[in-house]
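> Can you look at this prediction? I've put the sequence above it.
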Amino acid sequence: MAKDTNVKHHEPLFHVVKRDDMPSWQAWLVRFATIAISFVIIGFISMSLTGKSFGDTYELMISGVFGTLFKGGSTIMLWKYLQEIAVLLCLALALTPAFKMKFWNCGAEGQALMGGLAAIFCMIEFGGKLSEPVLICVIAVSSIVAGAIWGVIPAIFKALFNTNETLFTLMMNYIATQIIAYYVYIEGGGSNVINPVSYGNFPKVGNNDYFVNIVVVAGLIVLMYVYLKYSKQGYEISVVGESQNTARYIGINVKKVIIRTMVISGALCGVAGMLLVAGKDHSINTNLVGGQGFTAILMSWLGQFSPIVMTIMTALIVFLRIGVSKVADASLLNSSFSEIIVGFVILMVVGCEFFIHYSIKFRSKKEVKA
Amino acid sequence: MIIQFICRAILLGVPLLYGSTGEIITEKSGHLNLGIPGIMYVGAISGVVGSFLYENACGNDIANMNAFLAVIIPLLCSIAGSVIMGLIYSFLTVTLHANQNVTGLALTTFGVGLGNFLGASLISITKSELPSIALTKTSSFFVAKLPFLSNLGGIGAILFSHDFMTYLAIAIALVTSFIISRTRVGLNLRAVGENPATADAAGINVVKYRYLSTCIGSAVAGLGGLQYVMAYASGVWSNNAFGDRGWMAIALVIFALWKPSFAIVGSFLFGALCNANNYVQGLGTETQELFKMLPYVVTILVLIITSMRKKREHQPPGSLGLNYFREDR
């Protein structure tokens, strides 16, 4: 055996090694570089499809999102943009504790719908009978409860029988959708439309419809940051997420943590539904959330459980969503183009994680000699 | 009435059968592909684009169209489209070890967007007033029936009146079932899904199995999208018409306990449940909306019951959802 040192071993051109730990600033550099690269690629794709120049494409995107803000114009578009961020971010924040616990809550859509349903129900039933401040409190409480109930049902079964939560929460979305369809049919008198209700709307601040929504979500960012990072419950969530056995060993009641976390997650989704109904649409239909429950899953993951990074990521993705659809509108493309672009960017970022966690070692001649 | 109900249930069930068979093939290798809804979309639109081009190349005269080409071109386009999606998924999850749930969901966003984008582009090319593309000529080849057998009364209608893709779906499910449970390839595939490290130690090429099963699974699922457009919707593509069938196909995998042969029965049952609201007498429109929850409620019940019974042969593949990296301990 020892004599056989001259045998030529086949060595692959490269092999993949797990990195120990990349400093987090470096990891974020990789992620943002990936996003920058994808923005450039998006620019070129749009260019080739619309025939506009690269600069024009991005100018169109920026004016599509911010309106005439940078030319000293109105701030209406900016507020709309912030409102869009607020709702998506609220859903993403809601999902974060569940994901940190490795509970795949794919039911944000349904939980938000039920929150919205509770809100519109209160607005129609109690509107005019209660004073506005009381009504808004009732709406808030009932939305939170409705969302929490919708979130906790799968959690109870997960805790008791280890039922697959991904599919359970997914199915709950469609049940919620059908309940909304039923309610809209009854309330709308068969017309499938509920006219905007004028009671229980969030108050305008200044001249601005969405101020309350934005403030609520800004508060949630801080709360979620503190909850996950500095509270005992936040710590328990991360231990359960890392290893249920460890959690059990150090005396954490895993079932309790699962159920409690999903109550929080569902309740916050309910808040998102309330923001949409009481703060924006003042009405409801089955497309209230419009698939944002699924986008929020991706946002939560892109933010890597950090509410602050999540805010930046959500702002970027909403920018793309609005901006690209404006670019598409301006030429003869259709608005589904923005869905493709959002999917593309997320796939790019998902792929770049590889370079953060692994490194590629090429075959080097030195090693062969040694 | 009952015969019509059963036929309708089968017709509604076939896209689900394709989707769930494809997903079972993928999940057996340990990959939970939540991109299936997007892949089915892409499978459908690729087939539509293929047949659109072929119909245009043939002009407006149906006599110019070759029946074989009219069928095979959409089929191949559909397979090509969905295999590309499968390759994206497996490159990200197998080679780059990306999170499977996130990759799958992003792929669904991407696929649905791509489907609607291409669909709307085709609609604007045809300058039609309706928001849909009608490929009725191609569809007529797809739904061509067996000439004698379909006239045999009730039984004939139930057994022989379907389009050829229905029989293809059943055949694929049965063949898959046989391969998975009776052949060496199937044994290896199950080993990869249960415990990739052991499979690797036994000399099975884990990466190859995972790539192949994801791509084959995607191709099968994509055909479901095509069948929906060509047979169920009689060749009319309109955006978002496919709806949430992809998610139901994924749910059906659990309903069928990861067995393609069970998926055949399950998909027809789902088809019946989806359609039950139209056949129960004396329902108002509002109660019909509540009836449409039935398939989802049944899925949840099955989820709960299988998880409560904890039978070993009813469990998902052992390493479902986990990526395999050889140098991990």
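The structure has been received and is ready for your questions.
> For the residue nearest to A:Asn192 when sequence neighbours are not counted, grab the count of nearby residues.
Leaving aside its chain neighbours, A:Asn192 sits nearest to A:Val184 (5.9 Å; criterion: Cβ to Cβ, 6 or more residues apart in numbering or on different chains). In this view, the C-beta of every residue, glycine as well, is placed from N, C-alpha and C. Counted with other Cβ atoms under 10 Å in any protein chain shown, residues neighbouring A:Val184 total 23.
> Would you map the strands across the stretch 101-250 of chain B?
Per DSSP state E, counting those that start in this stretch, the stretch 101-250 of chain B carries strands over the ranges B:133-134, B:236-237.
> out of those, which comes closest to A:Asn208?
When these are compared by Cβ to Cβ, strand B:236-237 sits nearest A:Asn208, at 41.8 Å.
> Sheet partners, orientation included, of the closest one?
strand B:133-134 (antiparallel) (DSSP bridges).
> average pLDDT for the strand it pairs with?
Strand B:133-134 carries an average pLDDT of 78.
> Pull the residues that contact that strand.
B:Val48, B:Phe52, B:Gly119, B:Leu122, B:Ile123, B:Thr126, B:Ser128, B:Gly235, B:Val236, B:Trp237, B:Ser238 (Cβ atoms under 8 Å, 6 or more residues apart in numbering or on different chains).
> Any chance of JSON lines for these, columns neighbour count?
As requested, the contacts of strand B:133-134 are exported to JSON lines (neighbours: other Cβ atoms under 10 Å in any protein chain shown):
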{"residue": "B:Val48", "neighbour count": "28"}
{"residue": "B:Phe52", "neighbour count": "21"}
{"residue": "B:Gly119", "neighbour count": "26"}
{"residue": "B:Leu122", "neighbour count": "19"}
{"residue": "B:Ile123", "neighbour count": "19"}
{"residue": "B:Thr126", "neighbour count": "14"}
{"residue": "B:Ser128", "neighbour count": "12"}
{"residue": "B:Gly235", "neighbour count": "24"}
{"residue": "B:Val236", "neighbour count": "17"}
{"residue": "B:Trp237", "neighbour count": "27"}
{"residue": "B:Ser238", "neighbour count": "17"}
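> can I get those residues in JSON lines with pLDDT?
Converted to JSON lines, the contacts of strand B:133-134 look like this (pLDDT from 0 to 100):
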{"residue": "B:Val48", "pLDDT": "91"}
{"residue": "B:Phe52", "pLDDT": "87"}
{"residue": "B:Gly119", "pLDDT": "87"}
{"residue": "B:Leu122", "pLDDT": "84"}
{"residue": "B:Ile123", "pLDDT": "83"}
{"residue": "B:Thr126", "pLDDT": "78"}
{"residue": "B:Ser128", "pLDDT": "70"}
{"residue": "B:Gly235", "pLDDT": "80"}
{"residue": "B:Val236", "pLDDT": "84"}
{"residue": "B:Trp237", "pLDDT": "84"}
{"residue": "B:Ser238", "pLDDT": "82"}
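> Identify those among these that sit within helices.
B:Val48, B:Phe52, B:Gly119, B:Leu122, B:Ile123, B:Thr126 (DSSP state H).
> Doesn't A:His15 belong to a helix?
No: counting by DSSP: H, G, I helix; E, B strand; the rest coil, A:His15 is not part of a helix but strand.
> Without its sequence neighbours, what residue ends up closest to A:Ile156?
A:Ile156 sits nearest to A:Ile259 (Cβ to Cβ, 6+ apart), 6.1 Å away.
> C-terminal to the strand or helix carrying the one you found, what's the next element?
Using DSSP states H and E, A:Ile259 sits in helix A:254-276. Note on helix A:254-276: by DSSP H and E, the next helix or strand toward the C-terminus is helix A:292-302.
> hmm, that following helix touching chain B?
Yes: using Cβ under 8 Å from any Cβ of the partner chain as the criterion, contacts between helix A:292-302 and chain B involve A:Phe294, A:Thr295, A:Ile297, A:Leu298, A:Trp301.
> What is the next helix or strand after that helix packed up against?
Using DSSP H and E, the helix or strand that follows helix A:292-302 in sequence is helix A:307-330. Counting contacts by 3 or more Cβ pairs under 8 Å, 6 or more residues apart in numbering or on different chains; DSSP states H and E, helix A:307-330 is packed against helix A:24-50, helix A:54-66, helix A:76-100, helix A:211-230, helix A:292-302, helix A:336-357.
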